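Build me a model from this:
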Amino acid sequence: MYRIGIDVGGTFTDLVAIDPAGITTLAKVPSTPEDPSLGVLDGLAALADRLGLQRAALLGDTDRIVHGTTVATNALLEHKGARLALLTTEGHRDVVEMREGLKDDRYNLRMPSPEQLVPRRLRLPVRERTRADGRIETPLDPQSLDEAIAVLQRETVESVAVCYLHAWRDSRHERQTAAALAHALPEAYVSLSSEVLPQIKEFERVSTTLVNAYVGPVLSRYLARLESRLAEAGYRGPTLIIQSHGGVAPIAEAGRLAAGAVLSGPAGGVAGSVYAARLAGEPNLIPFDMGGTSTDICLVVDGQAALVMDRRVAGHKIALNSLDIASIGAGGGSIARVDAGGILHVGPESAGAVPGPACYGQGGTEPTVTDANLVLGYLDPENFLGGERRLDPGSAERAVDKVAGALGIDRLAAARGIHRVINTNMAEGVRLVSVRRGVDPRRFALFAFGGAAGLHATDIARQLGLARVIVPRVASVLSAWGMLATDLRFELSRTHIGDARALDGAAVKGLFEEMEAEGLARLRASFTGPARTARAVDMRYGEQVFEITVPLDDVDWSFADPLPQIVERFHRRHEALYTYSMPDQESVLVNARVAVSGILEGLPQEPNLPAAPPSPAAGERRIYFEDWVTAPVYALDALAPAQTIAGPAIVESATTTVLLRPGDRATVTPQGWLDVTIPATAGA
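Model prediction:
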């Protein structure tokens, strides 16, 4: 039986199939932004063709599909979510405007207020109130609720977010409201804060619930359409959706907690990078995923990727666990322009899949990074995507000439400028996740993947002073490949706030057991295989405002009171992060967390390639750096393990191209990857 990973990007849809013997087959087709599921079906047809099968036969012999989608992300970024309303406690309708009392740029007095997902007239007060200790101060007023629902009916809202004060402590008012909404608005998507984020901090809870309600209908419709089309095409197995935290969830769960899929696509690349760190024997990587529209960057430290709970996407806070990924608007389709002051900019606007770069010949005329790379000789116009698409050098030249004319320089200088500007932007993205957080990137290897990364990675490494770049054999589809290295994962959190010295240890232990049982029940509804659980807490010192997450993997839960062990691990974790701890201060436990995972079959260890004599160059090509040079061109799949290639050179596969600059030396690993050494004098 096959396992298939599918990553829908802004420009291409990538697919990977792995058969029982561990043999990997790749496919890449243009995305269909108007309906991404159409591109998925096109990709499955292309994948089947590579396997010598009909699409129905492939799907009939597939037992798992894992899918990463940007549908929720795009709905939020493009402001194309549901028509939304908010029901909240009387007197608290403006929490979403007040936020945390801070502006993103606090010294910018002219900074406009952020655009809200729900207008004030649809933020409706309901008379009720629960105290922070769980006492009901004001029972839910049926008349107040009926009046609010009447407004929702009149406004024909599509989705309703319900966020009552302190519902994390007692959710009965939210559940009563949900029952009333189900009766009055049976077609509406209803999102309760007590289900989305049952923990303290009002703004985070309101914002996350609003995002969930805003993107939920859009994502749910897409997933239902995808599931239906896959079934019509012959698929009978489960479809799993990769989540922002790096695990996967069934379609029903992904639709319910839609805010958890806002970083669905990039999460696959991180999962693949963590797995690749083990294969490569390099625990410290900077995953660098450059596609057609954007570049996603993060850190893998000691073989693990960091999770954060404070992400902002399009200015909206999402306080769910997610991988710590920085996304910048830089990709192969990024458009170059010259502003009124004569300054060259590249991105964040992208030509996307339609019309795409000018060289695609689909009607695009704006100069893009791909056009510049073609003008510089880095791409073979006859061998793009393994020869499936021919690039048009003339259209690329005409597009780049627009930049050249605006700057008063020649075509090659303009193309070189576009290439260097996008590289500088991406190097700054790497600094964002490393240097600005106190991490020296020179301790890491740049792990370059995505369709466009191979042409830019070695120059970015030079700018950062990195000594090593690793390009995997499945570079152009690594996000889809990485999705098959994930597990089913359900995350639960509960606020249980108090000074750890005053809390009841048995009650804390019982809370974890209750959460673990709930998570296992959710898992067993769709999965009967092996499972594991992980526990953690969010803690802070008494005078602090923000918490840190403390893993509890090594706590001995046989003790009646686990709190002394938990506090000791908090002190250790705080010292590891900030170089100091304060054991004499009160240690406040804020949230308890449990992650329940269903263990899925992972990726196989890639077999060694058979020994072969050194591969001859597949030809030569003139490429431009500061001047034209003639460089050998190698076919990646024909290279033998331990073979070494000196730059300048081009290494090509069916779906990616790697540019080796003068001084670079690339060695082929046993997995068939390129391990590139950058000269020590190259660092900036």
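
Quick one: classify the residue positioned nearest the centre of the chain as helix, strand or coil.
Geometric centre of the chain, nearest residue: residue 266, 2.8 Å, by Cα atoms, centre = their mean. At residue 266, secondary structure determined by DSSP: H, G, I helix; E, B strand; the rest coil is helix.

ok, now which ones touch it?
Counting by Cβ atoms under 8 Å, 6 or more residues apart in numbering, residue 266 touches 289, 296, 323, 325, 327, 479. C-betas here are computed from N, CA, C, even on glycine.

what is the fifth one paired to in the beta sheet?
When bridges are assigned using DSSP bridges, the partners listed for residue 327 are residue 296.

isn't it right up against residue 293?
No. Using Cβ atoms under 8 Å, residue 327 makes no contact with residue 293, being 9.7 Å away.

Neighbour count: those two, which is higher?
More neighbours surround residue 293 than the other of residue 327 and residue 293, with 25 against 20 (other Cβ atoms under 10 Å).

Look up phi and psi at that one.
Main-chain dihedrals, residue 293, degrees, to the nearest 10: phi -110, psi -40.

The residue lying closest to it once chain neighbours are set aside: neighbouring residues, count only.
Using Cβ to Cβ, 6 or more residues apart in numbering and skipping the chain neighbours, the partner closest in space to residue 293 is residue 10 (3.2 Å). Counted with other Cβ under 10 Å, the neighbours of residue 10 add up to 20.

try the one 3 residues further on
The number of residues packed around residue 13, counting by other Cβ under 10 Å, is 27.

wait, is it part of a helix?
No. Using three-state DSSP, the secondary structure at residue 13 is strand, not a helix.

I'd say it and residue 36 touch.
Yes. Residue 13 lies in contact with residue 36 (Cβ under 8 Å); the separation is 7.3 Å.

just checking, next helix/strand downstream of the helix or strand hosting residue 589?
Counting by DSSP states H and E, the element that carries residue 589 is strand 587-598. Sequence-wise, the next helix or strand downstream of strand 587-598 (DSSP H and E) is strand 619-624.

how far away is residue 592 from residue 11?
Distance, residue 592 to residue 11, using Cβ to Cβ, to the nearest Å: 42 Å.

before we move on, what about residue 173?
In terms of Cβ to Cβ, residue 173 sits 46 Å off from residue 11.

coming back round to it: dump the contacts of residue 266 to TSV, plus distance to residue 586 and pLDDT.
As requested, those are exported to TSV (distance: Cβ to Cβ, whole Å; pLDDT from 0 to 100):
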residue	distance to residue 586	pLDDT
289	42	92
296	39	90
323	32	89
325	34	88
327	38	84
479	44	90
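
Same list, these, but as TSV with distance to residue 375 please.
TSV is the format used below for the contacts of residue 266 (distance: Cβ to Cβ, whole Å):
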residue	distance to residue 375
289	25
296	26
323	36
325	31
327	27
479	28
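
quick one, strands of the stretch 151-300 of the chain?
Using DSSP state E, counting those that start in this stretch, the strands of the stretch 151-300 of the chain run over residues 159-163, 189-192, 239-242, 248-250, 285-290, 295-297, 300-301.

For the third one, list the C-alpha coordinates in CSV.
What follows is the C-alpha trace of strand 239-242 in CSV, where atoms were taken according to Å, rounded to 0.1, in the frame of the first residue of the first chain:
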residue,chain,number,x,y,z
THR,A,239,-7.0,12.0,4.8
LEU,A,240,-5.0,13.6,7.5
ILE,A,241,-4.3,17.4,7.7
ILE,A,242,-0.9,18.6,9.0
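
Show me which parts of it are buried, residue by residue.
239, 240, 241, 242 (16 or more other Cβ atoms under 10 Å).

Tell me who's in contact with the second one.
With contacts defined as Cβ under 8 Å, 6+ apart, the neighbours of residue 240 are 64, 65, 66, 67, 248, 249, 250, 251, 488.

hmm, back to that, could I get the strands of the stretch 151-300 of the chain in JSON lines, plus columns for distance to residue 415?
Supplementary listing: these in JSON lines, determined by distance: least, Cβ to Cβ, whole Å:
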{"stretch": "strand 159-163", "distance to residue 415": "46"}
{"stretch": "strand 189-192", "distance to residue 415": "48"}
{"stretch": "strand 239-242", "distance to residue 415": "36"}
{"stretch": "strand 248-250", "distance to residue 415": "41"}
{"stretch": "strand 285-290", "distance to residue 415": "18"}
{"stretch": "strand 295-297", "distance to residue 415": "19"}
{"stretch": "strand 300-301", "distance to residue 415": "33"}
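
low-confidence ranges in the stretch 301-450 of the chain?
Counting by pLDDT under 70, the stretch 301-450 of the chain contains low-confidence residues at 386-387.

Strands along the stretch 401-550 of the chain, start to end?
445-449, 468-471, 488-499, 531-541, 548-551.

Compare these and give me the one nearest residue 382.
Each of the strands of the stretch 401-550 of the chain has some distance to residue 382 by Cβ to Cβ; the shortest is strand 468-471, at 22.2 Å.
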